[in-house]
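> give the three-dimensional model of this entry:
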Amino acid sequence: MNHDTGAAHSPNVAELKALYRAAEKRAARLRFIIEARNLLDARTFELAALEVLSRLADFAGASFADLVFPSSREELPVQLTVGKSMSPGSDSILFTSQDGSGLCLTLMGPSRGRAIDADDRQTLEVVAGQLADAYNLNRQAAENQALLGDLQRQRSELAALVAQLIQAQEQERQRVALDLHDGSAQLAAGLSYRLQDLSARIGEMHALKPEIDQLAALARRSVADLRAAIADLRPPELDDLGVAAALRTRLDAIDGMEVIADLDASADRWPASTGIIFYRVAQEAITNVIKHAEAGRLIVRLFEDGAGQAHLEVIDDGKGIGEERPPPVQVRGARLGIAGMRERLALLGGRFEIGAESSGGTHVRAVAPLQQEMTSG
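Residues are numbered from 1 along each chain as shown. Modelled structure (predicted):
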């Protein structure tokens, strides 16, 4: 005897329709969630939040929607509302969020409207969570922007203070240079002329002639040293041409060693504060080489890299100076100069490095950002 069991388990038309409607509802809920997410991603939070809140109300059949975001300790809660209650006496709460994040979503409408089932409630919770996430991201972005603005303002204030400090230092150097030129240099030059005149008048056979000639030579050397010191205090090339030209003039005056200068002419267009500090660092490093290194070759490089940073390198092949060793008495002045170079670079937010070359000698390297805000200082 054959039994046809397939017909007993086949779904009828009503069941198929019910399954189809359920699938459509699931697809509509999923589509609603995706569209809400896309809105929050594509628009500013203020515009997107109102649109999503309006769609939440439509989804639930509500006439009024109220959304309150959690507040920080120093802020009042942020509240958004859409629509209004059509019948305050008969409207009831259709939905209240319970996601535990502090966000409160309330939907109100006619109690005779369509019932909100568990799947609908889950969909509303998901979209409410998306709103909470978007709000938190927007608030964090605003806080980050405020912090960035504060940081930029502080950097601008620091740059202005650095420019003022450097300007004050250079003005003091210029004042000292003028005082030396108008005072000690003039006296030394006058003494030199008087001694030379005295030496010429007393004649070659006078017993004091050798001693007067020695004093005249000493006076001439003092005049030359004073003029060099005046030029180092405030070289005119630094004001008129820029840091590269001023360094080239300084290197051209060096005798007794091979000098290789690789100076990028674009450095002459660096901000004034940067140019002055790099010149002073180079000046100190070159002086240390001349006085202490006993070098036969000096290499000076000045350039800007692709990241907008200024670079200075001073390399010699002398006896070297170890930053780790306690300095001997004869290089104590160089040690003080190293501290001064490091302090100058710190004013620009830069880095200073000194060390021994693998083949002998010493290298000095300085790097600092070319801060655009300093160009107007």
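
> distance from stretch 185-199 to the middle of the chain?
Put simply, stretch 185-199 sits 55 Å off its chain's centre (Cα atoms, centre = their mean, to the nearest Å).

> so how far is the strand or helix carrying D150 off the chain centroid?
D150 is part of helix 118-182 when elements are defined by DSSP states H and E. For helix 118-182, the separation from the chain centroid amounts to 10 Å (computed by Cα atoms, centre = their mean).

> begin at 789, not 1, for the rest of this chat.
I'll keep to 789 as the first residue from here, and by that count the last item is helix 906-970.

> right, and the helix or strand after it?
Criterion used, DSSP H and E; the element after helix 906-970 is helix 972-990.

> got a list of contacts for that next one?
996-997, 1000-1001, 1003-1004, 1007-1008, 1010-1011, 1014-1015, 1018 (Cβ atoms under 8 Å, 6 or more residues apart in numbering). Where C-beta positions appear, they are placed from N, C-alpha and C, glycine not excepted.

> just the buried subset of these, please.
1000, 1003-1004, 1007-1008, 1010-1011, 1014, 1018 (16 or more other Cβ atoms under 10 Å).

> nearest to L1026, of the residues you listed?
Ranked by distance to L1026 (Cβ to Cβ), the buried ones among the contacts of helix 972-990 are led by I1018 at 13.2 Å.

> hmm, S1054 is touching D1093, no?
No - between S1054 and D1093 there is no contact under Cβ atoms under 8 Å: 11.4 Å.

> surely A1154 is within a helix?
No - applying DSSP: H, G, I helix; E, B strand; the rest coil, one finds A1154 to be strand, outside a helix.

> with adjacent residues omitted, what lies nearest to it?
L1100 (4.3 Å; Cβ to Cβ, 6 or more residues apart in numbering).

> any idea how far the one you found lies from V1155?
8 Å (Cβ to Cβ, to the nearest Å).

> G937 now?
27 Å.

> more neighbours: which of these two?
V1155 (17 against 10; other Cβ atoms under 10 Å).

> the more buried one: what's it in contact with?
1097-1100, 1133, 1138-1139.

> again, only using 6 Å
Residues in contact with V1155 (Cβ atoms under 6 Å, 6 or more residues apart in numbering) are 1097, 1099, 1138-1139.

> between the residues you listed, which is nearest D1028?
H1099 (23.5 Å).

> helices or strands up against the helix or strand where the closest one lies?
Per DSSP H and E: H1099 is located in strand 1097-1104. With contacts defined as 3 or more Cβ pairs under 6 Å, 6 or more residues apart in numbering; DSSP states H and E, strand 1097-1104 has these neighbours: helix 1060-1076, strand 1085-1092, strand 1150-1157.

> I'd say A922 and D829 touch.
No - look at A922 against D829 with Cβ atoms under 6 Å: they stay out of range, at 8.3 Å.

> among those two, which residue is more densely surrounded?
A922 (21 against 10).

> on the three-state scheme, the residue lying closest to that one once chain neighbours are set aside is what?
Closest residue in space to A922, ignoring its immediate chain neighbours: L828 at 4.4 Å, by Cβ to Cβ, 6+ apart. Secondary structure for L828, judged by three-state DSSP, is helix.
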